[in-house]
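> 3D model of this:
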Amino acid sequence: MSARAGRRLPVLLWMLAFVVLELLAFGGAARLGRLYAAPLSLRYARPLTAGQVEAALDDAAGAQRERTVSPTFWRQGTTALKGPAQAADAGVLWYWGEAAQVFPGEYLAGTAPGPWDEAGCAVSGALAWQLWGSLDAVGQRLEVEGAVRTVRGVFREKKALVLAASRPAAGAFTAVELAAAGLTAEEARAFAQNCGLGAPDFMVYGEGLVSLAVLAAWLPAAVLALAALVRLALWSRSWPPLARQSFWLLALVGAALALPVLLGLVPGWLLPGRWSDFGFWTGLAQRLAAQAEEWFSLPPTLREVQAKGLLLAQVALAAGLALCTQRLLWAAKQPPQAGMGARCVRCAACPAAANAEAAAPAPGG
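Numbering: from 1, shown residues only. The predicted structure is shown next:
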């Protein structure tokens, strides 16, 4: 292996590691987005009554608001199940509304049960293997707390879990998913108060968590792109006028096209109304700290456990991407090596250039 190839190999390995980590980071952000399908979730320490749930559903269906809010109620528990040949204890997610808002799993067979499908259910792959010895469980009968249900789908999950609809009268729900595009925390609290649910004990800012994960995945790539643009801008000073002007025109057009896309990745509550409002950033830092503390104080549910695992993985990936970015930027700053068939032309202060000048014969000598 030549010396030049030996110098390039570490850079290529860092580039490969960067690409792999970026793909993993975007994949983790996408999984987190599927986990938090609703932008906001309300959590209550005391179960909601059937009257509160019915009133909230009626209010959501009939009230005239700027944004249409579709609530889905759910709670997590454990139950005894009876299959055709054996019984099993499993976790259960009772819901009333959209099943995908509660546990948007990846379905290996079939689909999720419908919004009000009290005759159906979905089971995890682990439970399907435990009860039927196969993932081919769609159409099988399963007794859940005395009611026989038909399995509509099998989703990927390592724990024994069943997803089933339950009427508000028997639900004792403790969580509400609010599906509405661009819903703010203030609007969510107003909805809860106006429809009779009362102030929530906790709020889960799913949309904010997903946005931060996406931004963390994009940031290293943006830093490297900016560094490459700066390097090209420096090189362009020695280009012919037409090439230099064409480069700057393309760079400005590209920046104008990319800016709306990049700003679209940032949720509105992370952007100030006026960029000169420095007090906004102090308030934003305090708000983010309060939201993080509230999220870590949540009573543990299966979804939050999975989300915390994904966020820890995102933190590790962000650290790896930061290291790769630093190494690639450092490699880009290294001067070309003299003595490899290429002339060192950095400046007169460069030792290689000074030695070459001293060794050169004098004019007319």
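> For residue 164, give the beta-bridge partners.
In this entry, residue 164 is beta-bridged to residue 94, residue 121, by DSSP bridges.
> Per-residue pLDDT of it, please?
At residue 164, the pLDDT value in this model is 92.
> That one: neighbour count?
Applying other CB atoms under 10 Å, we find 24 residues neighbouring residue 164. To be clear about C-beta, it is placed using only N, CA and C from the backbone, and glycine gets the same treatment.
> List the contacts of it.
Residue 164 is in contact with 92-95, 113, 120-122, 144, 149, counting by CB atoms under 8 Å, 6 or more residues apart in numbering.
> any idea how far it lies from residue 89?
Residue 164 sits 15 Å away from residue 89, going by CB to CB, to the nearest Å.
> cool, residue 177 as well?
26 Å.
> Confirm residue 255 sits in a strand?
No. Residue 255 is assigned helix when assessed by DSSP: H, G, I helix; E, B strand; the rest coil, not a strand.
> ok, now which ones touch it?
By CB under 8 Å, 6+ apart, residue 255 has no neighbours at all.
> Quick check: end-to-end length of stretch 107-122?
9 Å (CA to CA, to the nearest Å).
> which other residues reach that stretch?
By CB under 8 Å, 6+ apart, stretch 107-122 touches 96-100, 105, 125, 135-138, 142, 144, 147, 149-156, 162-167.
> picking up where we left off before, between residue 177 and residue 89, which is the more surrounded one?
Between residue 177 and residue 89, counting by other CB under 10 Å, residue 177 is the more crowded of the two (24 against 10).
> what about that one, which helix or strand?
strand 175-179 (DSSP states H and E).
> Do me a favour and average the pLDDT over that strand.
Mean pLDDT, computed over strand 175-179, is 90.
> just stretch 108-126 next, same as before
The average pLDDT for stretch 108-126 rounds to 91.
> And that stretch, what's buried?
Neighbour counts over stretch 108-126 (16 or more other CB atoms under 10 Å) mark 108-110, 112-113, 117, 120-126 as buried.
> what do you get for stretch 317-329?
Quick answer for stretch 317-329 (16+ other CB under 10 Å): 317-318, 320-321, 324-325, 327-328.
> And the helices in the stretch 201-350 of the chain?
Using DSSP state H, counting those that start in this stretch, the helices of the stretch 201-350 of the chain run over residues 206-235, 241-264, 278-296, 302-333.
> nearest to residue 73, of the ones you listed?
helix 302-333 (14.5 Å; CB to CB).
> Which strands or helices does that closest one pack on?
Helix 302-333 is packed against helix 3-35, helix 206-235, with contacts defined by 3 or more CB pairs under 8 Å, 6 or more residues apart in numbering; DSSP states H and E.
> Nearest to residue 40, out of the buried residues of stretch 108-126: which one, please.
Set against residue 40, the nearest of the buried residues of stretch 108-126 by CB to CB is residue 112 (21.1 Å).
> Name the SS class of the closest one, please.
The three-state label given to residue 112 by three-state DSSP is coil.
> residue contacts, residue 140?
Residue 140 neighbours (CB under 8 Å, 6+ apart): 83-84, 131-132, 150-151.
> I'd like to know how many residues surround the residue lying closest to residue 156 once chain neighbours are set aside.
Among residues not flanking residue 156 along the chain, residue 106 sits closest, at 4.5 Å (CB to CB, 6 or more residues apart in numbering). Residue 106: 10 surrounding residues under other CB under 10 Å.
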